[in-house]
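Asker: from the sequence below, what's the structure:
(one chain, ligands or ions: 1)
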Amino acid sequence: MKGDVSALAPGVIVKGVIDWERRYRMMRLHTASHVIAALLYEKYGARVTGGHIGPEVARDDFDLRGVKEWKNALKWAVEEANKIIKKCIEVKVYWLPREEALKIPGIVKLADKLPPEVEKIRVVEIPGIDIQADGGPHVKNTCEIGELEIVRLESKGSRRRRIYYTVKP
Ligand SMILES: [Zn+2]
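Answerer: All right, here's what the predicted structure looks like:
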C-alpha cells in the first residue's frame, strides 16, 4: 500500500485497489513454493525454515543438513517442480473442521501453531503433491505458474540452504 497508513483515523473510508500484476506474480511464486517444498521434504526430509515472497523473486530456506550436494538437491527440486507444474494440476482450496484437518499427515506441524480457538482450517491441496493449512493466495492451476528459474543459491549454514527463484514473465 502506498501513502502513510498510520495517518488514517479509525472509521475513515478508504478505497483499496489490487495491483493485479504484482499480486498474480506472488500467487504464482507462492504456489510454486508449495511444490518445491513438498519435493524437498519427500526426498530429503527437509523442512522449510524461512521464506519470503516478493513480486520479482521468492526465497525459501531449507534445513538440508546432512545433504552434501545441497546445491544439486535444490536444482533437482526446481527441475522436478517444473515437470509437475506442466501437468496442469488443479489447486484445491477448502475448509475443514480443525479435528479433521489435524488428521492429515504433514499438516500437523503447522497446525500446532494454530491458536486453540481456531475451529476451521483452510486447506490448500495440490493433489498428489502437497497439502497444507494455509491462508495465502494461490493460483487455481499449476499451469499458471509457468516456468521456474533459479536466481541464486546461498548457504546460510548447514541448516539453512537458501534458494532464490523466479517465474518467467
Ligand atoms: Zn500457500
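Asker: near the ion, which residues of the protein are found?
Answerer: 134, 136 (Cβ under 5 Å from the ion). (Glycine included, C-beta is placed from N, CA and C.)
Asker: could you pull out the helices in the chain for me?
Answerer: 20-44, 70-85, 98-102, 108-111 (DSSP state H).
Asker: mean confidence for the longest one?
Answerer: In this model, helix 20-44 has an average pLDDT of 96.
Asker: what residues of it count as buried?
Answerer: By neighbour count on 16 or more other Cβ atoms under 10 Å, the buried set for helix 20-44 is 25-41, 44.
Asker: picking up where we left off before, can you redo the helices of the chain as a markdown table with distance to residue 169?
Answerer: Compiled in a markdown table, those are given as follows (distance: least, Cβ to Cβ, whole Å):
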| stretch | distance to residue 169 |
| --- | --- |
| helix 20-44 | 8 |
| helix 70-85 | 15 |
| helix 98-102 | 36 |
| helix 108-111 | 31 |
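Asker: check contacts around residue 33.
Answerer: Contact analysis of residue 33 by Cβ atoms under 8 Å, 6 or more residues apart in numbering lists 51, 53, 58, 60.
Asker: could you work out the most separated pair of the residues you listed?
Answerer: Farthest pair in the contacts of residue 33 (Cβ to Cβ) is 53 and 60. Separation: 8.9 Å.
Asker: between those two, which one's more packed in?
Answerer: Neighbours were counted for residue 53 and for residue 60 using other Cβ atoms under 10 Å; residue 60 has more, 22 against 19.
Asker: show the contacting residues for the closest residue to the more buried one other than its chain neighbours.
Answerer: Spatially, and ignoring its direct neighbours in sequence, residue 60 is nearest to residue 51 (4.2 Å; Cβ to Cβ, 6 or more residues apart in numbering). Residue 51 makes contacts with 33, 58, 59, 60, 61, as judged by Cβ under 8 Å, 6+ apart.
Asker: distance of the last one relative to the ion?
Answerer: Here residue 61 is placed at a distance of 16 Å from the ion (Cβ to the ion, to the nearest Å).
Asker: ok, that residue touching residue 162?
Answerer: Yes. Using Cβ atoms under 8 Å, residue 61 is in contact with residue 162, at 5.1 Å.
Asker: if residue 165 is in a bridge, with which residues?
Answerer: With DSSP bridges applied, residue 165 shows beta-bridge pairing to residue 58, residue 150.
Asker: please save the CA atoms from stretch 86-105 in CSV.
Answerer: Extracted in CSV, the C-alpha atoms of stretch 86-105 (Å, rounded to 0.1, in the frame of the first residue of the first chain):
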residue,chain,number,x,y,z
LYS,A,86,3.4,-28.5,-16.6
LYS,A,87,0.9,-31.2,-15.7
CYS,A,88,-1.7,-28.6,-15.1
ILE,A,89,-2.9,-29.8,-11.7
GLU,A,90,-5.9,-28.1,-10.2
VAL,A,91,-5.1,-26.4,-6.9
LYS,A,92,-7.9,-27.1,-4.4
VAL,A,93,-8.8,-24.7,-1.6
TYR,A,94,-11.3,-25.8,1.1
TRP,A,95,-12.2,-25.5,4.7
LEU,A,96,-12.1,-28.4,7.2
PRO,A,97,-13.1,-28.7,10.8
ARG,A,98,-9.9,-28.5,12.9
GLU,A,99,-10.1,-32.1,14.1
GLU,A,100,-10.4,-33.4,10.7
ALA,A,101,-7.7,-31.3,9.3
LEU,A,102,-5.3,-32.4,12.0
LYS,A,103,-5.6,-36.0,10.8
ILE,A,104,-3.9,-35.1,7.6
PRO,A,105,-0.2,-36.1,7.7
